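Chemist: Kindly return the folded structure for what I paste below:
(one chain, ligands or ions: 1)
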Amino acid sequence: MTANIEAIVDPQVASRIRDIGRLSTLPQVTWELMRLLNNEETTPEDLQTVVEQDPALSAKVISLGNSAYYGLRTPATTIARAIVIIGFKELEFLALGLGLADTFDLRKVPYGFDGEALWLHSLSVSWAAREVAAATRLVDPGEAMLAGLLHNLGQIMLVTHFTVQLQRLMNYVEEGHSFAEAEVDLGLWHEVIGYLLAKNWGMPSYLQDVILYHHRPELAGEDAKGIVTVVNLALQMVDRTDFRLDYEVRPESSPDYAEVLPQMSLEEKDKILAKIKNTLPLMAPTWLQMMGPAKKKARH
Ligand SMILES: [Fe+2]
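Modeler: Residues are numbered from 1 along each chain as shown. Model prediction:
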C-alpha cells in the first residue's frame, strides 16, 4: 500500500506536506532527547543537561515529577531527580508531547473543532497503548506509548495546517457522509497525511506504520503488526471513555474490540479499561498544561 501512497492524497496537500516537512519540524531539543533516550548509556545527568536548555521543558519536567500521579511525599527539586521519578520513556513522551504542542498549535483550530479533545485523545491513546503493551508483552511499552501519542499526527496536522480543506471535509460530513467516506472522497485521509509527514521527518518506521495503519491493523506488514494492533486496541479502549474523539474515523472494516489481540481475554481488556478510566482524569490537567497558552501567531 505504501508504494505510491502520495498519489491518493489531494496534490496540493501532498506538496504542502513536503514544505512543512522542510520548514516546520519538532524543536531541536526534542530530537536531541530522543537520540539520548535511545542510547542505553545515557544517564539522568546527561538528560538534565539537555532539558536545562529549554526553560519550558524544565518547568514541565519538574512539575510532572511532582504531580499527583506520582504521589511523592518529598518534592523532586532537581531535573535529574524528576527524570528518575518520571522514567526515561515518560520523559521521551513528555519531550515529544511538548515538541508536538509547540509545532502544532491545537488551541488555534477552525471554529467547530475541538483541539483540546484531539490533544487529550492522543495522550489517552498513548497511555492506554502503554498499558496494553505491558500486559501483553508484545511490544516495548515505551515504544507503544510514543506510537499512541503520534498515531493521529495526520489529524493534528489537518486541523492546524489545512483549515480550508478541513472545512470542506466538515461540510461534506454535514451533507450526510461519514468522516471516513469524506476523507477518502476528498483525498484527505488523515492516516496518509500523517504518514507522509512522519516519513519526511525521518521518524522510525514503526511509527510511520502505526500512523498509516492504526484503523486497519490487518493491512500492516508483519514487522509492525504487533505495535499497530496494540495501538488499535488502545484506541478502541479510549473510545469507551470520556476521552473518545467524536469525529474520529471508524472504518467499517476496523477489527472488533473483542476480537482484536486474541492473546488477551475480554476480562483482561476490561481490567485495563477500568484502570485507564481511573488514570486519564488524573493526567488530563498536566496534559492540558503541556499545550500551553494559544500562540500569538498562527503557523499556517
Ligand atoms: Fe485516526
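
Chemist: So Asn232 is in contact with Val260, correct?
Modeler: Yes: in this structure Asn232 lies within contact range of Val260 using C-beta atoms under 8 Å: 5.8 Å. For glycine as for every other residue, the C-beta is placed from the backbone atoms N, C-alpha and C.

Chemist: what does stretch 9-18 rub up against?
Modeler: The contact list for stretch 9-18 (C-beta atoms under 8 Å, 6 or more residues apart in numbering) reads 6, 157, 161-162, 165, 186-189, 192-193, 196-197, 200.

Chemist: Now secondary structure and neighbour count too, for the residues you listed, in CSV please.
Modeler: What follows is those, written out as CSV (DSSP: H, G, I helix; E, B strand; the rest coil; neighbours: other C-beta atoms under 10 Å):
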residue, secondary structure, neighbour count
Glu6, helix, 17
Met157, helix, 23
His161, helix, 22
Phe162, coil, 23
Gln165, helix, 18
Leu186, coil, 17
Gly187, coil, 17
Leu188, coil, 22
Trp189, coil, 23
Val192, helix, 24
Ile193, helix, 28
Leu196, helix, 26
Leu197, helix, 24
Asn200, helix, 15
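
Chemist: Farthest-apart pair in those, please.
Modeler: Spatial extent of these (C-beta to C-beta) is set by the pair Leu186 and Asn200 at 21.5 Å.

Chemist: Count residues in the vicinity of Gln48, would you?
Modeler: 17 (other C-beta atoms under 10 Å).

Chemist: how about the helix or strand in which it is found: buried residues?
Modeler: Using DSSP states H and E, the element containing Gln48 is helix 44-51. Judged by neighbour count (16 or more other C-beta atoms under 10 Å), helix 44-51 contains these buried residues: 44, 46-48, 50-51.

Chemist: out of these, who's nearest Ala220?
Modeler: Leu47 (31.9 Å).

Chemist: Which residue, neighbours along the chain excluded, lies closest to the closest one?
Modeler: Among residues not flanking Leu47 along the chain, Ile83 sits closest, at 5.3 Å (C-beta to C-beta, 6 or more residues apart in numbering).

Chemist: same question, Ala224
Modeler: Looking at Ala224 with C-beta to C-beta, 6+ apart, the closest residue is Asp209, at 3.5 Å.

Chemist: So which residues of the stretch 101-250 of the chain form helices?
Modeler: Here the stretch 101-250 of the chain has its helices, by DSSP state H, counting those that start in this stretch, at 115-136, 141-150, 153-161, 163-174, 179-185, 190-200, 205-213, 222-238.
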